[in-house]
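Asker: Sequence first, predicted coordinates after that:
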Amino acid sequence: MSNRFVEQGLRSPVNLTWEVSLLCNLRCSHCLSASGEAAKDELTTAEALALVEEVHQAGVFQINFGGGEPFMRPDFEQILDACHQRGIMTCISTNGTLLDAARVARLSQTRLVAIQVSLDGATSSTCDAVRGSGVFARATEAVKLLAASSIPTSINTVLTTHNASEIPAMYELAQSLGVSLRVSRFRPSGRGADNWEDLRPTPSQLLEFSDWLAKSGDVRTGDSFFSLTSQERQGLGLNLCGAAKLTCCVGPTGNMYPCAFLQTDRFLAGSLRDQSFQQIWDSSEIYESFRSLRIHSCEECTRFDQCHGGCPAVAWHLKNDLSGGDPECLERCVTSIADAAKAAA
Amino acid sequence: MAAAGIQLHPACRVRQEGFGLLFYDSRGPRLLFAETGSLLPPDFFAVARSRDELPPGLNVRQEEVLRNFMTKLLERGFLREQPLC
């Protein structure tokens, strides 16, 4: 990817993560936004539809819907329709429990939607330990319904220490169901921060996953693992953080942030109730600070061109330092394992 | 037999940026940054066109560059061939 054009600044994001509601019928222990109850004063239907039009005018290609569980919003399909009528592509991240044949049939009417169903293990015991009792079976049924439809579907798995050894089996499960596999990075935000030490993959697991990923070109990462990208996957994804450059996040109440993992007051770029989407994208100081962020401490690293310092959100949550470099990048995993081996010797 | 034309692939989108055109392919997803300036408006791709068609007012050199560019877009799957009628 050409960073030169990205660094010049794009007139709008390529895609947008929109957390349409915090309301969720599950309480997953790694949830990045600690979803459960709806946020106070979430965007009304009229406000949400107005935002779709603003995003269309801005030229955004795709909206990635998340939450909360998006289908908990009674008007969610109305919001989707508004996107599709304008030619905006959509991708829905769902827990799958609210998908039935009728809903899948309705969603199949457009060719502009893709769906990711969350499954966090290849077995019900691994998955349900994170997502709740019975969720594996319900989500798998949803995947089967989707696989039989025309909707591009993937299983989305958040890599944790508990499911790391099951990732190849997750791949086989996805293949057996006729869908693709997407693996996402676990980050210490929301309930993920509360359960970080229990769920975080070890450096060895991250390295093993990186090796496996290198041999699995058809597995998507979205690209949350660019900090682990091996030579074999160069060109398949990003080589830098896209927050405020290629993408941004809208929260349930219309607040805009650099990314879904930085939805705090410290990183508030603006409110859509006070300013337009385009105004916030063009003039937010927070966004400008991300566009000019340089991870100088990583510049001497041999992998700098491959990740440019990795994920600032993880650096922030773990070290309280946006410019400190990703604490879980490939290089630091290798160093950490070597240090542990030395200490043991 | 219908003549073959080219059109933006349904999984792709294009928009104008300062440097030229930004193409997006949702199947990757992947991006293509094309330093075309204002030579080629994004709505040029909104309808099926014949393989040789280009916007009016270009000089010979610009036409050659854009023809090569169209071929590249076709090879990379951002454009697809389809009958014109």
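Answerer: All right, it came through fine.
Asker: Please state the offset of stretch B:32-50 from the chain centre?
Answerer: Between the centre of stretch B:32-50 and the centre of its chain there are 5 Å (CA atoms, centre = their mean, to the nearest Å).
Asker: Report whether the helix or strand of chain B with the lowest mean pLDDT contacts chain A.
Answerer: The least trusted helix or strand in chain B, going by mean pLDDT, DSSP states H and E, turns out to be strand B:79-83, with a mean of 84. No. Remark: strand B:79-83 sits outside contact range of chain A, by CB under 8 Å from any CB of the partner chain, the gap being at least 13.9 Å. Using the backbone N, CA and C atoms, a C-beta is placed for each residue, glycine as well.
Asker: Now do the phi/psi pair for A:Val113.
Answerer: Phi and psi for A:Val113, reported as degrees, to the nearest 10, are phi -110, psi 140.
Asker: Just grab the bridge partners of the residue lying closest to it once chain neighbours are set aside for me.
Answerer: Excluding the flanking residues, the one nearest A:Val113 by CB to CB, 6 or more residues apart in numbering or on different chains is A:Thr90, at 5.0 Å. Beta-bridge pairing of A:Thr90 under DSSP bridges involves A:Ile63, A:Val113.
Asker: so how far is A:Ile63 from A:Thr90?
Answerer: Plainly put, A:Thr90 is 5 Å away from A:Ile63 if you go by CB to CB, to the nearest Å.
Asker: What of A:Ser154?
Answerer: 17 Å.
Asker: likewise A:Ser276?
Answerer: In terms of CB to CB, A:Ser276 sits 17 Å off from A:Ile63.
Asker: Comparing the two, which residue is more hemmed in?
Answerer: Between A:Ser276 and A:Ile63, A:Ile63 has the larger neighbour count (other CB atoms under 10 Å in any protein chain shown), namely 24 against 15.
Asker: What distance do you get for that one to A:Asp81?
Answerer: 13 Å.
Asker: same thing with A:Thr247?
Answerer: Counting by CB to CB, the gap from A:Thr247 to A:Asp81 is 23 Å.
Asker: Near chain B, which residues of chain A are found?
Answerer: Contacts of chain A with chain B, taken as CB under 8 Å from any CB, map to A:1-2, A:5, A:8-11, A:14-15, A:59, A:61-62, A:87, A:89, A:111, A:114, A:236, A:246.
Asker: In PyMOL, select just the buried ones from these.
Answerer: Restricted to buried positions by 16 or more other CB atoms under 10 Å in any protein chain shown, the PyMOL selection for those reads:
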select buried, chain A and resi 1+5+10+14+15+59+61+62+89+114+236+246
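Asker: In the chain, mark out all the strands, start to finish.
Answerer: Reading this off chain A. For chain A, applying DSSP state E gives strands covering A:15-19, A:62-66, A:89-94, A:113-118, A:153-159, A:180-185, A:247-250, A:255-257, A:270-271.
Asker: let's do chain B instead
Answerer: Ranges of strands in chain B, per DSSP E, are B:4-8, B:12-17, B:20-25, B:30-34, B:49-50, B:79-83.
Asker: Can I get those strands in TSV including mean neighbour count and distance to A:Gly254?
Answerer: Shown next, in TSV, are the strands of chain B (neighbours: other CB atoms under 10 Å in any protein chain shown; distance: least, CB to CB, whole Å):
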stretch	mean neighbour count	distance to A:Gly254
strand B:4-8	17	32
strand B:12-17	21	24
strand B:20-25	21	25
strand B:30-34	18	27
strand B:49-50	14	40
strand B:79-83	15	37
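Asker: A:Leu159: which of those strands is closest?
Answerer: strand B:30-34 (22.8 Å; CB to CB).
Asker: the inter-axis angle of the closest one versus strand B:20-25?
Answerer: Angle, strand B:30-34 to strand B:20-25, by axes from the mean of the first three to the mean of the last three CA atoms, to 10 degrees: 160 degrees.
Asker: Can you give me the pLDDT of the nearest residue in space to A:Ser204 that is not next to it in sequence?
Answerer: Among residues not flanking A:Ser204 along the chain, A:Ile337 sits closest, at 6.0 Å (CB to CB, 6+ apart). If you check A:Ile337, the pLDDT there is 92.
Asker: Which one's more surrounded, A:Thr247 and A:Asp81?
Answerer: The residue with more neighbours, out of A:Thr247 and A:Asp81, is A:Thr247; 20 against 16, by other CB under 10 Å.
Asker: surely the more buried one meets A:Cys259?
Answerer: Yes. Here A:Thr247 reaches A:Cys259: they are 6.9 Å apart, a contact under CB atoms under 8 Å.
Asker: The helix or strand of chain A with the lowest mean pLDDT: how far from the chain's middle?
Answerer: Lowest on mean pLDDT, DSSP H and E among the helices and strands of chain A sits helix A:3-8, with a mean of 82. Averaging C-alpha positions (CA atoms, centre = their mean) puts helix A:3-8 22 Å from its chain's average.
Asker: Contacts for it, please.
Answerer: A:239-240, A:242, A:245-246, A:291, A:308, B:17-19, B:22, B:33 (CB atoms under 8 Å, 6 or more residues apart in numbering or on different chains).
Asker: just to revisit the earlier point, starting from the least confident helix or strand of chain B, tell me which strands it pairs with and how they run.
Answerer: For strand B:79-83, pairing defined by DSSP bridges yields strand B:4-8 (antiparallel).
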